[in-house]
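**Student:** give me a 3D structure for the following:
(one chain, ligands or ions: 1)
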Amino acid sequence: MTVKDDCIFCKIANHEIESNYVYEDDLVCAFRDMSPLAPTHVLIVPKQHYDSIMDDVPAEVLAAIAHAVKEIAKSEGITESGLRCVTNVGEDGGQTVKHFHVHVLGGRKLSPDMGEGFAK
Ligand code: DGP
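**Tutor:** Below you'll find the model as predicted:
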């Protein structure tokens, strides 16, 4: 298992630090963002460390993330109303935590210009 000692999302994903979890399986876990931009704002995080989606993320981890999106949508009751998935990469992408994560936002009508606090 590749984890980084100084990575907050490695610690949360592996329960070294507890968080507000909404979903978990063998490969990923999901917890509520500490600065929510919508009624549902969940972060899906692989248990192994990858810097971003640009890293060598195995297909099974990407599939687990896609599965988690659907399970979270169901449990949050936003399958029909819709949602947005975002993954930020690097400086220009506004990535602040250097552990690959996918934001799942929903529960209100989101701006079509992607300006939900991700565009500075
Ligand atoms: P990004 O800009 O894509 O790297 O977003 C990182 C998000 O992670 C940001 O919305 C705030 C959230 N976040 C950072 N540290 C923590 C933490 O310790 N716990 C939780 N729940 N969320 C965090």
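**Student:** which residues of this structure lie near the ligand?
**Tutor:** Counting by Cβ under 6 Å from any ligand atom, the residues of the chain close to the ligand are 8, 19, 31-35, 43, 88, 94-97. In short, each C-beta sits where N, CA and C put it, glycine included.
**Student:** so among these, where is pLDDT lowest?
**Tutor:** The member of the residues of the chain next to the ligand with the lowest pLDDT is residue 94, at 92.
**Student:** ok, that one touching residue 86?
**Tutor:** No - the criterion here is Cβ atoms under 8 Å, and residue 94 misses it with residue 86 at 9.5 Å.
**Student:** compare neighbour counts for the two and give me the winner.
**Tutor:** Neighbours were counted for residue 94 and for residue 86 using other Cβ atoms under 10 Å; residue 86 has more, 16 against 13.
**Student:** how about the longest helix along the chain: buried residues?
**Tutor:** The longest helix of the chain (DSSP state H) is helix 59-76. For helix 59-76, the buried set under the neighbour-count rule, 16 or more other Cβ atoms under 10 Å, comprises 61, 62, 64, 65, 68, 69, 72, 73, 76.
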